[in-house]
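**Student:** what's the 3D shape of this:
(2 chains)
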Amino acid sequence: MNVAGKSVPHESARGHVTGEALYTDDLVTRFPGILHAWPVLAPHTHAMVTRLDAAPALEEPGVFTVLTAADVPGEGDCGPNRRDEPLFPKEVMFHQQAVAWVLGETLEAARLGAARVRVDYEPLPALLTIEEAIAAESYHVGPVHLARGDASAIESSALRFEGELAIGGQEHFYLETMASIAWLDESGGVAIESSTQHPTEVQEIVARVLGVARHQVMVECLRMGGAFGGKEVQSNAYAAVAALGAWKTRRPVRVRLTRALDMALTGKRHPFLARYSAGFAADGRIEGVRIALYSDGGWNLDLSEPVLWRALFHADNAYYLPAAELTGYVCRTHKTSQTAFRGFGGPQGMLTIEEILDQAARRLGLPPELVRERNFYRGGDTTHYGQIVKDAGRIETIWQQLKQSSGFDQRRAEIQRFNTGHAHHKRGLAITPVKFGISFTATFFNQGAALVLIYRDGSVQVSHGGTEMGQGLHTKMQQIAAESLGLALEAVRIMPTRTDKVPNTSATAASASADLNGAAVLDACTQLKERLAPVAASLLECAVHEVRFGGELVCCDHGSVPFRQVCEAAYRQRVALFAQGYYRTPEIYFDQQTGRGQPFYYFAYGAAVSEVEVDGFTGGYRLLRTDILQDAGDSVSPVVDRGQIEGGFIQGVGWLTLEELVWDAQGRLATSGASTYKLPSWSEVPDVFQVSFLEGATERGGIFGSKAVGEPPLMLAISVREALRDAVAAFGAGGVVTFASPATPERVFFAVRRAVAEREALASPAGGAARR
Amino acid sequence: MSKISRRRFVEGTGAGLVATTVPLQGQTAKAAAAVPHTTVKLTVNGTVHRLDVEDRWTLAEVLRDHLGLTGSKIGCDRGECGACTVLLDGKNVYSCSQLAVWADGRTVQTVEGLAQNGKLDPLQEAFIEHDGPQCGFCTSGQLMSAKALLNHNPHPTTDEVRAGMTGNICRCGNYNHYVESVLAAAATLAADSRRKA
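**Tutor:** Numbering: from 1, shown residues only, chains lettered A, B, ... in the order given. Here you go, the predicted structure:
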């Protein structure tokens, strides 16, 4: 390996640091006469639109037109699965939903115009919480079931308990808000520059709205300033507004959401409510669980159904569940449409089983890490949906290695000493594992494609089906092509993602894009080498099988020629110098009816140890140290993967400890900016932060032996939540510690109060509560 | 400082709105005249610009929409994320929260002005070397805050880097890489100055 497996800079690094790397909205000044769009926002959480009069807006200077349902030549619905996402709704389904869009010569004109659109509403009652939706039986989906064994085993278990866990959502806060620019191309089609993870779906939705064939629509994504799942389907509507505006006005149209609009209008990670009962043997082994997962899907279906399925698939995390009865519902509420977010339901499923395991440990008086370890999958085990856990032994290997390298046992003892000596500050330590299934659970999405062009001077362009959002996909594709063709990185240029280069692509999602598109790039390069080898063999006067590619040369045992010379010779011999590559993941399938199959090609494993210190006076805490050991296979790009692991972990810490979405009693999102919605920043990074890769972890079938790394590390942050629980427990008398997620300082404070009260009650014969 | 006070700005904007004017290319001179505007002299990345700006325009708007310097990004529109950070007379400021008129007579440095004659600044080199940017959207702001930090503290500790860069959010969570980048750049600069001495 010369290029793959090496730490190379991000493909756009130079552009990033010079400001030359362009994002969608940076292109605005390149479009003279561009119109700016601003939405007309409904001031109700649930209401019927009884009248919409756009005429007053047209009197506003600088307003060009107002887009309403009457302008839609095709079908005014952006729903990717169900047709349940009207672009211009008659029924308002969440606070500040857009009911019309104003186009102006400036953003300000559009904004002033939007304020003058006259809309009458008939307000209706709204469902704002999961509990309200359950009571009203308001579901998009459900119940769906996944089961194994007989969960009634719980009734005869030595330890039985039940409980409930409320899990908060998460705002993506991709730093680049939603952005699209649309214009009519020279032959009357529509071209769209969109910040999207899924250009093909943008193309599909725009074609649907305009009532044209998909070949009339071209979508390009240069790169995104972060996406994290938030731009998997939710870019569609904003691209559709821009395209519809361009179609109507024949002028370029820009849609760029301000941060406040983006937070008000776009979907978030699903809040979940988990209700469970569990049975354990006295030694801490799980005997059975019953778990009902209710997700808050918001106003329309979006991706909520596969998110729910992934939650059910991951309700085992790394543990063997001999008997499991899992039920899932997607609740329909009057909120933004919750959507994909890094982990895609997996984190919520895993958080639930970790909650159950910790409670079992504390009830049994066993160390939580021991209970976790006793329940690990072992070689040959199958999951609760019948898939063999490939490389299950790695869970235990990672666990033991990490316990060793982090000095876990020794630090346990040190922390005990610290806690004994400090009444008002307590430290906590926890180790938690991650097992995350890689593949789209909808089998047909698991395909990738690429187009590789070699020019006569030996320089190469690669187009592939994935988009770049900072995860380093383009970097890996560049490395794979350069490695395969034996070229330097600079000889390979990754082209912006366009639907007219590679059609019918899947979303860049599910951590699978390097696997899918990388294998496609490799396929194309392999074909090209097969065509170039005979040409080189004739130049070198050797046998075809002796030909090798490397060091920008084509070589045989007795000589070499420059790659570019072979390309020129191939051209003159009329050999085609471009190829399409294609890949589909083998061996995967799943049957929702029976709840059985093999939805994942492989699992990514990891574990984290985190240590925290909690201030009992305030509930404030500090993350002192985190050690991570991640199975990334044979990493294609170690520096990129390290960034994904650290960044994913930090984002998970945000989800589990800081980031709290608050809706008020009227269903208005109260946390509408970074001033009220606390994001992880410099002070939330662990004081000591050590990240390592599992060695000798070749993934058979992965691209160059590598594994997916985009999502799995997010769930390593569960170690922080469990460490907080451990610290809170140290304030108490060893009882169960519960708090909803996120574990904000406020929640930790009240949990500490409960723990202290419990200890005092036990310590005083008269009872602590009576004394006060 | 500019002659434009906060009070005058607020009043001026209000008057402009009451007069319902959105002055733009292609509109009447009468409409444009109704919005208070001021001719300012800005030195941006070493080039002097004389610009007629509306008093309500932010520095970020002028840089991005009128001078074509799109390296500074708009992440939150209201001084919460740091993506629009530039140097104003050497000090890091949120350009989305600075009026362009306040920069009259002052010097502005943006990310586009860091490289000199095609040679990258040691900070830029270090950001590439240590994989600072993931999505890259916060990067220009991080660079400018780091530049300001090293301007007044050439030998920062890890904690000083973290403190100095507070106010610049990285949603990709790549903070450690940014810390490493800044420390590496500081070391390079120190070695360079030793060589020159």
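
**Student:** Contact partners for residue 76?
**Tutor:** By default, I'm working from chain A. Counting by Cβ atoms under 8 Å, 6 or more residues apart in numbering or on different chains, residue A:76 touches A:69, A:86, A:87, A:88, A:209. Yep, even glycine has a C-beta here, placed from its N, CA and C like the rest.

**Student:** nope, chain B
**Tutor:** By Cβ under 8 Å, 6+ apart, the residues touching residue B:76 are A:259, A:673, A:674, B:83, B:96.

**Student:** gap between residue A:167 and residue A:729?
**Tutor:** Plainly put, residue A:167 is 20 Å away from residue A:729 if you go by Cβ to Cβ, to the nearest Å.

**Student:** So between these two, which is more surrounded?
**Tutor:** Using other Cβ atoms under 10 Å in any protein chain shown as the criterion, residue A:167 and residue A:729 rank with residue A:167 on top: 27 against 22.

**Student:** The more buried one is in contact with residue A:349, isn't it?
**Tutor:** No. Look at residue A:167 against residue A:349 with Cβ atoms under 8 Å: they stay out of range, at 9.8 Å.

**Student:** ok, back up a step: which of the contacts of residue B:76 ranks first by neighbour count?
**Tutor:** For the contacts of residue B:76, neighbours tallied by other Cβ under 10 Å; top is residue B:83, 27 neighbours.

**Student:** The nearest residue to that residue once chain neighbours are set aside: neighbouring residues, count only.
**Tutor:** In this structure, residue B:83 finds its nearest non-sequential neighbour in residue B:75, 3.5 Å apart by Cβ to Cβ, 6 or more residues apart in numbering or on different chains. Applying other Cβ under 10 Å, we find 26 residues neighbouring residue B:75.

**Student:** What residues does residue B:75 make contact with?
**Tutor:** Residues counted as contacts of residue B:75 (Cβ under 8 Å, 6+ apart) are A:175-177, A:225, A:259, B:81-84, B:137-138, B:141, B:169.

**Student:** and residue 195, how many neighbours?
**Tutor:** Just so you know, I chose chain A. Using other Cβ under 10 Å, the number of residues around residue A:195 comes to 30.

**Student:** The intended chain is chain B.
**Tutor:** 7.

**Student:** which SS class is it?
**Tutor:** helix (DSSP: H, G, I helix; E, B strand; the rest coil).

**Student:** Looking at it now. What's its pLDDT?
**Tutor:** Reading off the confidence values, residue B:195 has pLDDT 86.

**Student:** Could you list the domains of chain A?
**Tutor:** Following automatic domain parsing, one gets these domains for chain A: A:13-126+A:173-265, A:272-441+A:593-761, A:447-584.

**Student:** show me what contacts the residue of the stretch 451-600 of chain A found nearest chain B?
**Tutor:** Distance from chain B to each residue of the stretch 451-600 of chain A (Cβ to the nearest Cβ) is smallest for residue A:470, at 2.7 Å. By Cβ under 8 Å, 6+ apart, residue A:470 lies in contact with A:223, A:224, A:225, A:226, A:227, B:133, B:134, B:135, B:136, B:137, B:172.

**Student:** Show me which of these is closest to residue A:546.
**Tutor:** Using Cβ to Cβ, residue A:223 is the member of these that sits closest to residue A:546, with 41.0 Å.

**Student:** which non-adjacent residue is nearest the closest one?
**Tutor:** Leaving aside its sequence neighbours, residue A:223 sits nearest to residue A:468 (Cβ to Cβ, 6+ apart; 4.6 Å).

**Student:** Assess the claim that the one you found and residue A:226 are in contact.
**Tutor:** No. Using Cβ under 8 Å, residue A:468 is not in contact with residue A:226; the gap is 10.9 Å.

**Student:** just to revisit the earlier point, can you select the buried ones from the contacts of residue A:76 in ChimeraX?
**Tutor:** Buried subset of those, written as a ChimeraX selection, criterion 16 or more other Cβ atoms under 10 Å in any protein chain shown:
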select /A:86,87,88,209
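
**Student:** Reformat the contacts of residue A:76 as CSV; add distance to chain B, secondary structure and pLDDT.
**Tutor:** CSV is the format used below for these (distance: Cβ to the nearest Cβ, whole Å; DSSP: H, G, I helix; E, B strand; the rest coil; pLDDT from 0 to 100):
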residue, distance to chain B, secondary structure, pLDDT
A:69, 27, helix, 98
A:86, 28, strand, 98
A:87, 24, coil, 98
A:88, 25, coil, 98
A:209, 27, helix, 98
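
**Student:** Let me see the confidence value for the residue of chain A found nearest chain B.
**Tutor:** When scored by Cβ to the nearest Cβ, chain A has residue A:19 as its residue closest to chain B, at 2.0 Å. At residue A:19, the model reports a pLDDT of 97.

**Student:** Is the spatially most central residue of chain B bridged to anything, and to what?
**Tutor:** With distances taken as Cα atoms, centre = their mean, residue B:86 lies nearest the centre of chain B, 1.8 Å away. Taking DSSP bridges as the rule, residue B:86 bridges to residue B:93.

**Student:** give the contact list for it.
**Tutor:** By Cβ under 8 Å, 6+ apart, the neighbours of residue B:86 are B:59, B:63, B:72, B:92, B:93, B:95, B:108, B:109, B:110, B:111, B:144.

**Student:** Would you tell me which of the domains of chain A gets closest to residue B:125?
**Tutor:** The nearest among the domains of chain A, by Cβ to Cβ, is domain A:13-126+A:173-265 at 8.2 Å.

**Student:** if we can go back for a sec, which ones among the contacts of residue B:75 map onto helices?
**Tutor:** A:259, B:141 (DSSP state H).

**Student:** dump the residue contacts of residue A:487.
**Tutor:** By Cβ under 8 Å, 6+ apart, the residues touching residue A:487 are A:458, A:460, A:481, A:552, A:563.

**Student:** Distance-wise, check it relative to residue B:72.
**Tutor:** Residue A:487 is 35 Å from residue B:72, by Cβ to Cβ.

**Student:** Could you list the low-pLDDT ranges of the chain?
**Tutor:** By default, I'm working from chain A. Within chain A, the segments meeting pLDDT under 70 span A:766-772.

**Student:** meant chain B actually
**Tutor:** For chain B (pLDDT under 70), the answer is B:1-33.

**Student:** Going by residue numbers, what spans are strands in it?
**Tutor:** Secondary structure of chain B (DSSP state E): strands at B:37-44, B:47-54, B:85-88, B:91-94, B:107-109.
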